[in-house]
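**Q** Sequence unavailable; structure follows:
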């Protein structure tokens with residue numbers, strides 16, 4: 001067995017490959033951004049062929065940096081931007097249309113039709129999800145409804161549909177030459193097509209959406225000892241390596257943070273912000289705007305569930321300030337600007353660029369900057385950008401405490417923004433709980449590596465993974481309760497101003 005594990009992280013803005021050693025430490029990594037395609041307001045697409053080419057490049061790049069060959073890897077895991085879907089030709093591997101991204105709101109009309117017939121919770125008892133533009137099923141329907149060639153191929157059994165991990169696994173294991181068409185339980189649970197309890201596609205929902213079952217992937221555990229197939233010797237690894245671990249990016253971070261006990265939670269600050277709370281082997285229905293979803297399934301063990309709060313725009317707001325407003329040249333500069341302001345000067349930014357996700361689920365909301373006076377300057381705006389991430393997280397923690405009946409005692413954090421110390425301190429202050437950053441903050445990729453490594457016996461069990469986890473820094477809350485409450489009241493008023501914007 002090779003001495004390392006490799007993990008592909010196919011993210012919203014870039015694809016990466018990271019090589020880990022047995023201690024869960026990073027040996028080498030390579031990363032490449034892909035284009036964000038915006039055909040019209042609210043539409044977001046990616047080119048799946050570009051993403052596959054980039055994935056091959058970063059695999060080769062990381063191996064080169066590590067000075068090892070593909071044969072030195074014991075297994076391969078994959079994690080991915082969830083809900084983003086591709087429909088492609090099983091004989092040629094050619095996509096019928098660009099990938100439709102999780103942030104895209106083009107399925108609003110489809111969702112409103114579904115809601116007319118049974119309300120936003122029409123499928124919640126089966127899927128754990130509200131009807132929303134966020135999820136994959138309506139996106140598949142949109143492609144089949146708008147691309148006649150795709151619909152014909154789907155009916156004839158010649159088209160395959162899948163989220164990004166399905167696309168990459170199919171390519172890695174041979175593509176048109178017999179590639180494995182699989183999706184792990186965590187990604188399947190985000191399609192709005194899977195029964196949470198049976199872990200099978202729900203025929204009734206497929207019929208309602210007009211999605212032929214034969215194009216869908218086989219649903220498999222997140223860590224699968226029955227490997228989905230080896231990589232091809234003429235592929236980017238140049239060796240036959242078992243592909244046997246897959247997790248949606250947020251569930252991967254939960255595994256990478258070693259949140260294996262019920263009640264443990266993590267928050268990932270990436271393009272969006274995602275807080276997951278492990279609820280054990282029983283799905284807990286949400287009454288407060290969260291979603292019930294799969295946390296992971298390791299081999300033949302019972303699946304583990306979680307409650308999730310999803311925020312669409314977190315790091316993407318910093319990108320917007322950089323690219324659309326030109327207030328900063330690089331993302332880390334936002335912290336320096338914000339530090340020049342003692343507080344937000346009464347300014348709040350609610351980044352409802354594509355509606356609001358949890359706990360509101362309002363696709364009619366649009367972004368707003370409120371509380372502006374002549375006193376406000378770019379430092380206050382920078383501060384309001386960072387505070388928006390923390391306030392959106394507080395909305396979710398409040399809902400989670402109500403749903404689970406368990407008060408959050410501490411929050412493990414990861415993702416690109418956790419190096420922003422001003423944000424981490426404000427997050428601890430506004431939640432009134434300690435915020436803990438681990439030594440390895442690339443927990444998403446690490447979780448995918450753990451899933452693959454467990455499948456081949458590279459790591460023995462989850463106890464060994466818990467021993468790998470180590471604290472880098474903890475932020476303790478320092479804010480007075482009156483200041484915290486006043487700030488949160490202001491945020492709630494700001495959120496109200498964004499609603500009912502799109503008629």
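**A** Perfect, I can see it now. Keep in mind that what you see is a predicted model, and the values were worked out from it rather than measured. Residues are numbered from 1 along each chain as shown.
**Q** Count the neighbours of residue 365 for me.
**A** Using other CB atoms under 10 Å, residue 365 has 24 other residues around it. Where C-beta positions appear, they are placed from N, C-alpha and C, glycine not excepted.
**Q** again with the one 10 residues further on
**A** Counted by other CB under 10 Å, the residues lying close to residue 375 total 9.
**Q** Residue 359 now?
**A** Summarising burial for residue 359: neighbours were counted as other CB under 10 Å, giving 21.
**Q** Dihedrals phi and psi, it?
**A** Torsion angles at residue 359 (phi, psi; degrees, to the nearest 10) stand at phi -90, psi 20.
**Q** Over to the one 3 residues further on?
**A** Dihedral angles phi and psi of residue 362 (degrees, to the nearest 10) take the values phi -120, psi 100.
**Q** In contact with it, which residues?
**A** The neighbourhood of residue 362, defined by CB atoms under 8 Å, 6 or more residues apart in numbering, consists of 352, 355-356, 498-499.
**Q** So among the residues you listed, which ones count as buried?
**A** For the contacts of residue 362, burial is judged from neighbour counts taken by 16 or more other CB atoms under 10 Å, and it is met by 352, 355-356, 498-499.
**Q** can you tell me which of the contacts of residue 362 are in strands?
**A** Among those, the subset assigned to strands under DSSP state E is empty.
**Q** Of these, which is the nearest to residue 374?
**A** Distance ranking of the contacts of residue 362 against residue 374, using CB to CB, places residue 498 first at 23.3 Å.
**Q** just the strands in the stretch 151-300 of the chain please.
**A** Secondary structure of the stretch 151-300 of the chain (DSSP state E, counting those that start in this stretch): strands located at 159-163, 182-184, 194-195, 200-201, 218-220, 243-248, 265-269, 273-280, 291-296.
**Q** Next, format those as JSON lines and append mean pLDDT, distance to residue 142 and mean neighbour count.
**A** Compiled in JSON lines, these are given as follows (pLDDT from 0 to 100; distance: least, CB to CB, whole Å; neighbours: other CB atoms under 10 Å):
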{"stretch": "strand 159-163", "mean pLDDT": "96", "distance to residue 142": "12", "mean neighbour count": "27"}
{"stretch": "strand 182-184", "mean pLDDT": "97", "distance to residue 142": "19", "mean neighbour count": "27"}
{"stretch": "strand 194-195", "mean pLDDT": "96", "distance to residue 142": "19", "mean neighbour count": "24"}
{"stretch": "strand 200-201", "mean pLDDT": "97", "distance to residue 142": "18", "mean neighbour count": "14"}
{"stretch": "strand 218-220", "mean pLDDT": "96", "distance to residue 142": "22", "mean neighbour count": "17"}
{"stretch": "strand 243-248", "mean pLDDT": "96", "distance to residue 142": "21", "mean neighbour count": "32"}
{"stretch": "strand 265-269", "mean pLDDT": "90", "distance to residue 142": "27", "mean neighbour count": "28"}
{"stretch": "strand 273-280", "mean pLDDT": "90", "distance to residue 142": "24", "mean neighbour count": "24"}
{"stretch": "strand 291-296", "mean pLDDT": "94", "distance to residue 142": "21", "mean neighbour count": "26"}
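**Q** and residue 83, which of the ones you listed is closest to it?
**A** For these, distance to residue 83 was read as CB to CB. The smallest value, 6.7 Å, belongs to strand 159-163.
**Q** would you list the buried ones among the contacts of residue 362 in CSV and tack on pLDDT and distance to residue 220?
**A** Output for the buried ones among the contacts of residue 362, formatted as CSV (pLDDT from 0 to 100; distance: CB to CB, whole Å):
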residue, pLDDT, distance to residue 220
352, 93, 36
355, 88, 32
356, 89, 33
498, 95, 40
499, 94, 40
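**Q** what does the average pLDDT come to for stretch 46-55?
**A** With pLDDT averaged residue by residue, stretch 46-55 scores 97.
**Q** list the buried ones in it?
**A** Within stretch 46-55, the residues that count as buried by 16+ other CB under 10 Å are 46-52, 54-55.
**Q** Can you tell me which of those residues is nearest residue 323?
**A** Nearest to residue 323 among those is residue 46, at 16.9 Å by CB to CB.
**Q** Having no further points to raise, I will conclude here.
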